[in-house]
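>>> Sequence and predicted structure, then a few things I'm wondering about:
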Amino acid sequence: MSTFRWSLSSPRLSLRKLLHNYNPPSLPHHLCLQGGGVASSPKMSTSTNSDQNTNTHFIPASASTSMAESYQVVPGGGLCSSSTTSPDEMDRVAEQTFQRYTISQSSSDINARKSGKGVAIVWFRNDLRVLDNEALYRAWVSSEAVLPLYCVDPRLVNATTHYFGFPKTGAFRARFLIECLADLKKKLMKMGLNLLIQHGKPEEIIPTLVKAYGAHTVYAHKETCSEEVNVERLVSSCLRKMETSTNSTKLQLVWGSTMYHIDDLPFNTSCLPDVYTQFRKSVESKSKVRGCIKIPSSLGPPPSIGDWGHVPSLDQLGHLGEKASSYDLLRIYKETRNGMLGPDYSTKFSPWLASGSLSPRFIYEEVKRYEKERLSNDSTYWVLFELIWRDYFRFLSIKYGNSIFHLGGPRKLKLSWSQDQLLFESWRDGRTGYPLIDANMKELSTTGFMSNRGRQIVCSFLVRDMGIDWRMGAEWFETCLLDYDPCSNYGNWTYGAGVGNDPREDRYFSIPKQAQTYDSEGSYVAYWLPELEALPKEKRNFPGHSYIKPVVPLKYGNNNKNIHKDPALAERRTRSQGNKIKGYRR
Ligand SMILES: Cc1cc2nc3c(=O)[nH]c(=O)nc-3n(C[C@H](O)[C@H](O)[C@H](O)COP(=O)(O)OP(=O)(O)OC[C@H]3O[C@@H](n4cnc5c(N)ncnc54)[C@H](O)[C@@H]3O)c2cc1C
Ligand SMILES: Nc1ncnc2c1ncn2[C@@H]1O[C@H](COP(=O)(O)OP(=O)(O)OP(=O)(O)O)[C@@H](O)[C@H]1O
């Protein structure tokens, strides 16, 4: 069988370590696009020690490297067509992808489009890509010289989450960001530009640059959540303050984070359907996904800059010495996507989508190409189906504003919740006594990733079995996730906590049932909890006295016999159960 694999072109990234952590020999090798190019972004490197910031790697002794080597997110995007893609091959696929999504300088109409004068700044945010980047394209069209800029904003990297004070950006995502920036810089240089990296607040840096280079416009991608929108407002207002009778510089915000463009929705976002299926059916039948923006392959020269700055190091992002620590898969994605173990069950596109290194429209075009050139089935469609979820949560964040971050959620429900620190910590650290929960939480803190199935299960357990304030879980995810995106994270948490737009009233995930269905042989739990490996397969998820005693009983379950006997914890548990019962009486 010919085999193909997903190949994002993406950052040389710590996700490699993540994948390194996966990969028991029994992994199903099946998830992949074929035929060339699934992404256009930074690349995932095979080299763990390839830059000076990468001196700390998490590679568990038990992990074999072969799978990690074989599951590479390919530079330049593209779906590779071999089971052992070499770096050379990946570079070739990346180059082909780049050609496909750019316009050659010799193309006849290319210069006809470029009419602008002076300097335009591109302020990169969560759009760390060159392909399908409308802000970059518009800046090029409207100027003689483009100045690409990234601001290392202390509010993102050296800050804490809103309510519970966890680190705002954990070590894995910080490392991922570094790799995305390094890759973006390299790509821009290849196109005759560079990336100016400055440390500080955009509202302070941008006006200074505008003044120094006489920039007439600042282009950036529009965000939707209040923290990011506030920064947009501050930048705009600082630019307005600089305005003189001869000089006015505008901040031009461009939409580019979703597969369906906001202007192509068949409704205003204030009337967005609250139920996902209605949203999906409506956009599928009435909207069209726009083509990717094709950008010239050469964009330079940039304005003359003395010091372009360096890609930040991990310690500059507040993580001194911390551990950050080919196959034809697309055709069977629908059957595998609920898996938990290994690199191949799902696409792993999310970190690149969240950093904007990868555009969802790019995936759309590549899936369509795969369908045309190879095959089209439920699985190929299902990737788009999942991407519509991502769009849905992004548009919901516009409709519901800050309520997605509030305890009562978009439905403004007044439920009572526990903030029991001990229970929360047992969840966070993977010590609840339920192997499926503990394995997932260990995977999260060790790699910065967790499967969608795992996220739903641990969310349900925290809010429904422990009765804990869902925002504690959401903020912990905000700290840890490589693919943290405020809309998808808080959207899914409000949904899972029953304060969002879920038409189902009590979305309870029964752990025994989930374990039997998705980890029937206990391979996943044994991978993350090696102490369970020696048990018979059918016992690994139900280890009884061979494992930590469960810290709470299940809401629907009869495992109360074996509950933790620590009286303080038991007392707290009773309280939190009380809260929970009260909380769920609607
Ligand atoms: C409690 C909870 C929190 C989550 N937080 C985030 C988050 O911060 N960032 C994030 O990108 N996703 C989040 N998700 C959604 C989902 O779990 C991840 O997108 C997915 O697991 C990423 O793996 P993948 O790229 O292999 O996904 P695949 O299964 O291959 O799906 C392809 C793409 O579809 C999109 N997608 C799939 N499922 C969802 C979903 N439920 N909601 C939104 N988009 C989806 C993602 O962009 C994903 O990359 C969360 C889900 C839950 C239940
Ligand atoms: N990108 C983001 N990531 C995480 N949290 C965010 C993001 N954007 C906004 N928030 C959250 O949104 C909330 C906004 O809080 P803020 O105090 O500004 O307003 P509020 O009083 O909560 O809301 P409102 O003004 O709508 O009543 C905070 O919980 C903040 O953390």
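Nice, thanks for sending it over. Source: prediction; values computed, not measured. Ligands and ions are numbered 1, 2, ... in the order given.

>>> Next to ligand 2, which bits of the protein? Give me the list.
162, 225-228, 401-402, 405, 478, 486 (C-beta under 6 Å from any ligand atom). C-beta coordinates here come from the backbone N, C-alpha and C atoms, glycine included.

>>> run the last query once more with 5 Å
Within the chain, the positions near ligand 2 by C-beta under 5 Å from any ligand atom are 162, 225-227, 402, 405, 486.

>>> So which of these belong to helices?
226-227, 486 (DSSP state H).

>>> Now rank these by neighbours and give me the top one.
Within those, most neighbours by other C-beta atoms under 10 Å means residue 486, with 22 neighbours.

>>> tell me the contacts of residue 113?
Contacts for residue 113 (C-beta atoms under 8 Å, 6 or more residues apart in numbering) come out as residue 141.

>>> Over to residue 99?
residue 297.

>>> where's it, which helix or strand?
helix 87-100 (DSSP states H and E).

>>> Quick one: mean pLDDT for that helix?
For helix 87-100, mean pLDDT rounds to 86.

>>> quick one: the helix or strand following that helix to chain centroid distance?
Downstream of helix 87-100, the next assigned helix or strand under DSSP H and E is strand 102-103. Here strand 102-103 is found 27 Å from its chain centre; the criterion is C-alpha atoms, centre = their mean, to the nearest Å.

>>> contact partners of strand 102-103?
With C-beta under 8 Å, 6+ apart, strand 102-103 has contacts from 110, 131, 294-297.

>>> what's the single longest strand in this structure?
strand 145-152 (DSSP state E).

>>> Which strands or helices does that strand pack on?
Judged by 3 or more C-beta pairs under 8 Å, 6 or more residues apart in numbering; DSSP states H and E, the packing partners of strand 145-152 are strand 119-124, helix 134-141, helix 171-190, strand 196-199, helix 202-213.

>>> ok, and does the helix ranked longest in the chain reach over to ligand 1?
When the chain is scanned for its longest helix (criterion: DSSP H), the result is helix 378-400. Yes: using C-beta under 5 Å from any ligand atom, helix 378-400 reaches ligand 1 at 386-387, 389-390.

>>> what packs against that helix?
Using 3+ C-beta pairs under 8 Å, 6+ apart: helix 378-400 touches helix 276-286, helix 333-336, helix 360-373, helix 486-497.

>>> at 10 Å instead, please
Using 3 or more C-beta pairs under 10 Å, 6 or more residues apart in numbering; DSSP states H and E, the elements in contact with helix 378-400 are helix 226-242, helix 276-286, helix 333-336, helix 350-355, helix 360-373, helix 486-497.

>>> who in the chain is up against ligand 1?
So the chain meets ligand 1 at 337, 346-350, 353, 386-387, 389-390, 452, 455-456, 459, 481, 483-485, 488-489, 492-493 (C-beta under 5 Å from any ligand atom).

>>> ok, 6 Å please
Residues of the chain lying near ligand 1 (C-beta under 6 Å from any ligand atom): 337, 346-350, 353-354, 383, 386-387, 389-390, 393, 451-452, 455-456, 459, 477, 481, 483-485, 488-489, 492-493, 496.

>>> isn't there a strand covering residue 253?
Yes: assessed with DSSP: H, G, I helix; E, B strand; the rest coil, residue 253 lies in a strand.

>>> So it is in contact with residue 232, correct?
Yes: assessed by C-beta atoms under 10 Å, residue 253 is found in contact with residue 232 at 6.4 Å.

>>> list the residues that contact both of these two?
Shared contacts of residue 253 and residue 232 (C-beta atoms under 10 Å, 6 or more residues apart in numbering): 123, 220-223.

>>> Quick one: residues contacting the closest residue in space to residue 234 that isn't next to it in sequence.
Leaving aside its chain neighbours, residue 234 sits nearest to residue 203 (3.8 Å; criterion: C-beta to C-beta, 6 or more residues apart in numbering). Residue 203 makes contact with 151, 153, 230-239, according to C-beta under 10 Å, 6+ apart.

>>> Can you tell me the SS state at the residue nearest the centre of the chain?
Closest to where the C-alpha atoms of the chain average out (C-alpha atoms, centre = their mean) is residue 483, at 2.2 Å. Here residue 483 is recorded as coil under three-state DSSP.

>>> quick one: pLDDT of the nearest residue to it once chain neighbours are set aside?
Nearest residue to residue 483 in three dimensions, chain neighbours excluded: residue 350, at 3.5 Å (C-beta to C-beta, 6+ apart). With respect to pLDDT, residue 350 scores 96.

>>> low-confidence ranges in the chain?
Applying pLDDT under 70 to the chain flags the ranges 1-85, 108-109, 111, 246, 320-327, 558-586.

>>> need the contact list for the residue of the chain most remote from its centre.
Ranked by distance from the centre of the chain (C-alpha atoms, centre = their mean), the top residue is residue 245, with 43.3 Å. Going by C-beta under 10 Å, 6+ apart, residue 245 touches no other residue.

>>> Offset the numbering so it begins at 14, please.
Yes, from this point I'll number from 14; that puts the last item at residue 258.

>>> correct me, but residue 182 touches residue 497?
Yes: in this structure, residue 182 is within contact of residue 497 by C-beta under 10 Å, at 7.9 Å.

>>> Mind listing the shared neighbours of these two?
189, 491.

>>> Backbone dihedrals for residue 390, please?
Main-chain torsions, residue 390, degrees, to the nearest 10: phi -150, psi -170.

>>> That one - how many residues pack around it?
Other residues near residue 390 come to 13 when the count uses other C-beta under 10 Å.

>>> distance of residue 416 from residue 525?
34 Å (C-beta to C-beta, to the nearest Å).

>>> who's more crowded, those two?
residue 416 (19 against 16).

>>> returning to that earlier point: can you lay out the residues of helix 391-413 next to ligand 1 as CSV showing neighbour count?
Formatted as CSV, those follow (neighbours: other C-beta atoms under 10 Å):
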residue, neighbour count
399, 17
400, 22
402, 17
403, 21
